[in-house]
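S.K.: Got a predicted structure plus its sequence, pasted below:
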Amino acid sequence: MSRPTVYHIPVCPFCQRLDILLTLKGRRDEVDFKTIDITRPRPDWLLKKTRGTTALPVLETADGRIIKESLVILQYLEDIYPERPVAQRDPYRRAVEDMLTRMDGDFFSLGYGWLMNQDPARREALREGMLKQYAQLDDFLLEHAPAGPFLFEEFGWAETVFTPFFQRFWLLEYYESFELPGDDRYARVRQWIEACVAHPAAQQVTREEVVKLYYDYAKGAGNGALLPGRRQSSFAFEPDWRGRPWPPQDKYRHSATDLELGL
Ligand code: GAZ
């Protein structure tokens, strides 16, 4: 094998990070992306490569070695394609970028925790938790990059890490009627999010695709799991999401059938 290969799940936010980085570097065509169907058990040949772990993305280097974890793979790609650096080179600026990057875990967990919640009584607390996350991002950006829109001059490392989640959290607008309040507390983070999701290197997914494929997450079933009464996951490749109807927005009182979802 002469090229690196990424094993990925379409629409997976962690996988999209790699796609964005390579696109920023103008190297997207030099890495093979092989699609894995998350609604089926992982193939044996893949489990052999990963020694049993199932999370994706996984990168296989040109000489057949395996690298796991999206942030680790991002750094590897940054290092093997050093032209057009995406990460900051100045140590202090890199540290600032890393501090923001480290905020991704809580942001992701809060957002997915709310998306997957099935208890209406917890909604308000989850909304508050999410707003706190946005407020923390806002505060960080005001300290380090008050003018904006990005953390530094251009869409860079932190934007590569966060943008897939900004696009997945369209799900909270659709399934939880969440909107970032229009006041000053969130003005700087809103500016960041808008610039991130509009960037040409980050157009791998659309709102419609995310909303249709992630219906099962909104109903509490992650990673291609099957909900009771259903025969197909909303993550199935067929039928193509473009031909399916928009899913019902009321996730608390209604469970859509395969038929209603166009599956
Ligand atoms: N830390 C890893 C990375 O590469 O950065 C995470 C990779 C990962 O979670 N990949 C997922 C996967 O392959 C697809 S995207 N899952 C299948 C498997 O067999 O592990 C993850 C969550 C979650 C909600 C959503 C996702 C998600 O918790 O988007 O927990 C890890 C999965 C509520």
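M.R.: The structure has been received and is ready for your questions.
S.K.: The ligand contacts on the stretch 51-200 of the chain?
M.R.: Within the stretch 51-200 of the chain, the positions near the ligand by Cβ under 6 Å from any ligand atom are 54-57, 69-71, 112, 116. In short, each C-beta sits where N, CA and C put it, glycine included.
S.K.: so what's Gly229 up against?
M.R.: Applying Cβ atoms under 8 Å, 6 or more residues apart in numbering, we find Gly229 in contact with 255, 257.
S.K.: can you confirm Ile67 is in a strand?
M.R.: Yes: the assignment for Ile67 is a strand, going by DSSP: H, G, I helix; E, B strand; the rest coil.
S.K.: thinking again about what came up before, turn the buried ones among the residues of the stretch 51-200 of the chain next to the ligand into a named ChimeraX selection, would you?
M.R.: The following ChimeraX line selects those of those that are buried, judged by 16 or more other Cβ atoms under 10 Å:
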select :56,57,70,71,112,116
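S.K.: Can you give me every residue that contacts Glu83?
M.R.: Taking Cβ under 8 Å, 6+ apart, one finds Lys25 in contact with Glu83.
S.K.: in what helix or strand does it lie?
M.R.: For Glu83, there is no helix or strand it lies in under DSSP states H and E.
S.K.: And it, what's its pLDDT?
M.R.: We have a pLDDT of 94 for Glu83.
S.K.: now the one 5 residues further on
M.R.: Among the per-residue scores, Gln88 holds a pLDDT of 98.
S.K.: so Ile193 makes contact with Phe166?
M.R.: Yes: the pair Ile193 / Phe166 is scored as a contact, 4.9 Å apart, by Cβ atoms under 8 Å.
S.K.: Neighbour count: these two, which is higher?
M.R.: For Ile193 versus Phe166, neighbours defined as other Cβ atoms under 10 Å are more numerous around Ile193 (22 against 19).
S.K.: Is Arg217 part of a helix or strand, or is it coil?
M.R.: Quick fix: residue 217 reads Tyr, not Arg. Quick answer, by three-state DSSP: Tyr217 is helix.
S.K.: check contacts around it.
M.R.: Tyr217 neighbours (Cβ under 8 Å, 6+ apart): 112, 115-116, 171.
S.K.: same check, this time on Ala225
M.R.: Shown in contact with Ala225 (Cβ under 8 Å, 6+ apart): 216, 233.
S.K.: since we're on Pro82, how many residues are nearby?
M.R.: Pro82 has 8 neighbours, counted by other Cβ under 10 Å.
S.K.: where does this structure have low pLDDT?
M.R.: Along the chain, segments meeting pLDDT under 70 span 1.
S.K.: Closest residue of the stretch 151-263 of the chain to the ligand?
M.R.: Closest residue of the stretch 151-263 of the chain to the ligand, Cβ to the nearest ligand atom: Asn223 (4.3 Å).
S.K.: So which of the residues of the stretch 51-200 of the chain next to the ligand sit within helices?
M.R.: Taking DSSP state H, the ones among these that sit in helices are 70-71, 112, 116.
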